[in-house]
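Enquirer: Quick one: sequence and predicted model below, then my questions.
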Amino acid sequence: MTGIRKRKINNAIAMGVAASCAAVGLGLLLLILYDVLKNGLSSFGWTLFANDPAPPGMEGGGLRSAFLGQILLTAAALAAGVPAGVLAGTFLSEYGRNMKLSKIISAVSDMAVSIPSIVTGAFVYAILVKPFGGFNGWAGAAALAIIVLPIIVRTTESMTSMVPWSLREAAFALGAPYHKVIMGVVWRSAAGGIFTGVLLAAARAAGETAPLLFTSFNSGHFSLNMGRPVPSLTVTIYQYAASPYESWVSLAWGAAFAVTAAVLVLNVTGRLLIKLRQGK
Amino acid sequence: MPKVRGKRMMDLLTVNNLNFYYGSNKSLDGVTLPIRRNCVTSLIGPSGCGKTTLLRCFNRMHDLYPGNRYEGEIVMDGRNILDKGEDLITLRSSLGMVFQKPTPFPMSVFENIAYGLRLRKVRNTALLKEKVEKSLRQAALWEEVKDRLKESALGLSGGQQQRLVIARTLAVDPEAVLFDESTSALDPVSTQKIEDLMVELKKEVTIVAVTHNMQQAARISDYTALMYIGKLVEYDRTEIIFTKPKHKMTEEYVLGRFG
Amino acid sequence: MSADHRKNLLFKALTCLAAVSVLGIVVGILAVILMESFPALKHFGIGAFLGGRDWNYTREIYGALRPLTGTVVSTGIALLAAVPLSLGTAVFLTEICPHRLRGAFGAAIELLAAIPSIIYGMWGLFVLAPFLDEWVQPAVGSALGGVPLIGSFFVTKSAGGVNLFSASLVLAVMIIPFITSIARDAFEQVPDVLKESSYALGATRWETVRKVVSAQSASAVGGGVIIAMGRALGETMAVAYVIGNRHASLDSLFSPYTTITSVIANEFNEAGGIQLSSLFTLALVLFIANFLALGVGRRLVKGKEK
């Protein structure tokens, strides 16, 4: 009996340790959210969205240009990455589904999702910044597009291959050519899933900093000219948070709150969509 | 039949008016029956009748999942094993269980058999070896695996794996082994071996077998219980259940008219 | 050839082009970075670059040893801290947590994995580093500082908590949700009936986790840890603030140091010539290390699923 008691005590200790791990892990992460919320809200206000950054030491600066620049860069990245990704994913699950090449591309895009984003930034610098003589918005958008692309490829591939073959056969039996079957049946059936992938990819793009550092860089002036440096929230955080000026640090917290909120909202929406569809 | 000395010795388990709920769903309703020592008792009935649910009450397997509630009693050695204070570790090691599909652990044949012993801190290698060999012999598997004790158990055939699981159960000296449709995933030859084994094993342990196969129940069991929608329809000696049952439903079921 | 047929071929060609472009981009990244690294590799030689201690702007000598050491040490400490905590959390989520709350906890973990790394970095700078500086470093320093040989590694040499140790712990916090999520998935893949078999032999929860669940999920969890390692190796923003980017010998965990990503992030925009090429070479090292880690990790994770 003492043996069993000892085992039960060991079990209780181990489970206690596991529960403490969870408490520490979740606690830390909630603490981060709390700090972002607390500091972010205190700098939140009308001026944050309406004004451009003020010079160091002056009050009342905002992040209007960074908000707009972030949206512009993310939208441009999605505009390039989503169509290319959907087409590529479609090839992998449809025309090329039995080809060795597709398996390779599929594995490569799976791994491309995790390429360190600073490496992507350095790559884009070499091909789109250095030859053109300066930081520009297009380069930033391209870097984000490269990050978004493999995510969309993977989602599209898995979502379209989940569409049952009988559905395609039914369309073929009506005499539809393959491209019409894909556009009319496969894409339509997989649309919800692909859309979720787009939301998650947008969240990823909106939160990236490293690939923008050497590409779109930052600009204190209001400028949405994609041929010139374009400001973004994340690079603004990077530069302002480490600055010695209180007002800039405060702006950085405001930007951190905005980025976190946007990323979480996109993720929650995407996941809810998955849930809703599974619920059907 | 083994020699009977008084009612308590004769019955390993006595189920008295057992109700079992999953959430608000009552899945056992007023079940009362004895489980005789050193006999094979079969639980039969159409799927969803509660036979597996009843079997899993015996070793309190339901306690692993939320929403379970027992009412009534299952008496073993004079105590109600459904009591809150019941020690599940002791209970479960005295009532072994063999599942529908073989469940070898991802470790060697030897370590699979030694698993329960190691839990009890048996560290003496000679004793472990002796116990492993004895259990494998009991499960009629020794000759087939004695040269591959160090190999992964996952490499054995399905039938061998199931006998390995039986040997693993026997290694901790249980009073009973609960079989949950343990031959339904096996080929006829492996099924035959395990049926022979059950009949052989009842000399040493009590056996309760849930089966969807009525011929199997007729072949191997001394007692048979028919269940239907959570209730016990009839319990009796197997030959009575299959030849002159008291209930019309039992007769129709064993003749294959429903279920 | 009918119009439909032609359109179909065109569409097929378009999708094929898109698919090949994915491959093209990855190969292109490797090729361009290789090309940009070439001057530095040629100038210093591979061995001398990787083993070089110096990172000297005036003498124009650049060696990867210190950033490499920083990356390896910070990743190692991060894993050391994050893996036990994550496995414990995963055990909690799969074995202890009430079933009703599991979905919510699981979703919270996944969401936390989605928080951008710059947020972790900023939090590290303003919250974690000052905390470590005030509470943890003095305690560790007084406990281990006097130990011969290794003692000096635990002496605080600069204020503010900007050092290798802080950077490692920010990384650890960042990869916790990631490892937890992979470990939880791996634990959940263990069939219930296998766990029941263990309980049916009288095992406790802990014994079942330690012996059966761990054996069944070991390779998937190992793969997940390796993928997390790849992520930690390549992480920039979480470490860039608190590492301090100091090119000097590693005299203490509580001293500012440098990593591959932080030196790239900090110096890239001001660099030119052989320094820029050296930074590209560091990026190349990172790219290769990350790909290797991913390749091995993915194989381990996928292997068990089948």
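Expert: Received the coordinates, thanks.
Enquirer: give me the low-pLDDT residue ranges for the stretch 1-150 of chain A?
Expert: Across the stretch 1-150 of chain A, the ranges flagged by pLDDT under 70 are A:1-2.
Enquirer: again, but for chain B
Expert: B:1-9, B:259.
Enquirer: again, only this time at 80
Expert: Filtered on pLDDT under 80, chain B yields the residue ranges B:1-9, B:257-259.
Enquirer: host element of the spatially most central residue of it?
Expert: With distances taken as Cα atoms, centre = their mean, the residue of chain B nearest its centroid is B:Leu178 (1.0 Å). Remark: B:Leu178 resides in strand B:176-180, with elements defined by DSSP states H and E.
Enquirer: Next one: the residue nearest to the centre of chain B from B:Cys57, what distance?
Expert: Distance, B:Leu178 to B:Cys57, by Cβ to Cβ, to the nearest Å: 10 Å. No exception for glycine: its C-beta is placed from N, CA and C like everyone else's.
Enquirer: Likewise for C:Leu65?
Expert: Taken as Cβ to Cβ, the spacing of C:Leu65 relative to B:Cys57 amounts to 66 Å.
Enquirer: Could you do C:Gly297 as well?
Expert: In terms of Cβ to Cβ, C:Gly297 sits 43 Å off from B:Cys57.
Enquirer: One more: C:Gly244?
Expert: 63 Å.
Enquirer: same question, A:Met99
Expert: Distance, A:Met99 to B:Cys57, using Cβ to Cβ: 55 Å.
Enquirer: which of the two has more neighbours?
Expert: B:Cys57 (25 against 14; other Cβ atoms under 10 Å in any protein chain shown).
Enquirer: Which secondary structure state does the closest residue to the more buried one other than its chain neighbours sit in?
Expert: Closest residue in space to B:Cys57, ignoring its immediate chain neighbours: B:Phe20 at 5.9 Å, by Cβ to Cβ, 6 or more residues apart in numbering or on different chains. What DSSP: H, G, I helix; E, B strand; the rest coil gives for B:Phe20 is strand.
Enquirer: for the stretch 1-150 of chain A, what spans make up the helices?
Expert: Ranges of helices in the stretch 1-150 of chain A, per DSSP state H, counting those that start in this stretch, are A:2-42, A:46-50, A:64-93, A:100-112, A:117-124, A:137-161.
Enquirer: do chain C as well
Expert: Along chain C, the segments classed as helices by DSSP state H run C:3-44, C:46-51, C:65-91, C:99-114, C:117-123, C:129-131, C:137-144, C:164-189, C:192-200, C:205-207, C:214-234, C:237-243, C:260-267, C:273-305.
Enquirer: Any chance of these in JSON lines with mean neighbour count, mean pLDDT and distance to chain B as columns?
Expert: JSON lines is the format used below for the helices of chain C (neighbours: other Cβ atoms under 10 Å in any protein chain shown; pLDDT from 0 to 100; distance: least, Cβ to the nearest Cβ, whole Å):
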{"stretch": "helix C:3-44", "mean neighbour count": "17", "mean pLDDT": "95", "distance to chain B": "35"}
{"stretch": "helix C:46-51", "mean neighbour count": "14", "mean pLDDT": "93", "distance to chain B": "40"}
{"stretch": "helix C:65-91", "mean neighbour count": "22", "mean pLDDT": "96", "distance to chain B": "15"}
{"stretch": "helix C:99-114", "mean neighbour count": "16", "mean pLDDT": "89", "distance to chain B": "5"}
{"stretch": "helix C:117-123", "mean neighbour count": "27", "mean pLDDT": "95", "distance to chain B": "35"}
{"stretch": "helix C:129-131", "mean neighbour count": "18", "mean pLDDT": "94", "distance to chain B": "38"}
{"stretch": "helix C:137-144", "mean neighbour count": "15", "mean pLDDT": "88", "distance to chain B": "35"}
{"stretch": "helix C:164-189", "mean neighbour count": "25", "mean pLDDT": "95", "distance to chain B": "12"}
{"stretch": "helix C:192-200", "mean neighbour count": "20", "mean pLDDT": "96", "distance to chain B": "4"}
{"stretch": "helix C:205-207", "mean neighbour count": "21", "mean pLDDT": "96", "distance to chain B": "6"}
{"stretch": "helix C:214-234", "mean neighbour count": "22", "mean pLDDT": "95", "distance to chain B": "5"}
{"stretch": "helix C:237-243", "mean neighbour count": "29", "mean pLDDT": "92", "distance to chain B": "36"}
{"stretch": "helix C:260-267", "mean neighbour count": "25", "mean pLDDT": "95", "distance to chain B": "38"}
{"stretch": "helix C:273-305", "mean neighbour count": "20", "mean pLDDT": "91", "distance to chain B": "10"}
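Enquirer: residue contacts, residue 111?
Expert: Assuming you mean chain A. Applying Cβ atoms under 8 Å, 6 or more residues apart in numbering or on different chains, we find A:Met111 in contact with C:Val26, C:Phe291, C:Leu294, C:Gly295, C:Arg298.
Enquirer: Wait, chain C was what I had in mind.
Expert: C:Leu111 makes contacts with A:Leu264, A:Asn267, A:Val268, as judged by Cβ under 8 Å, 6+ apart.
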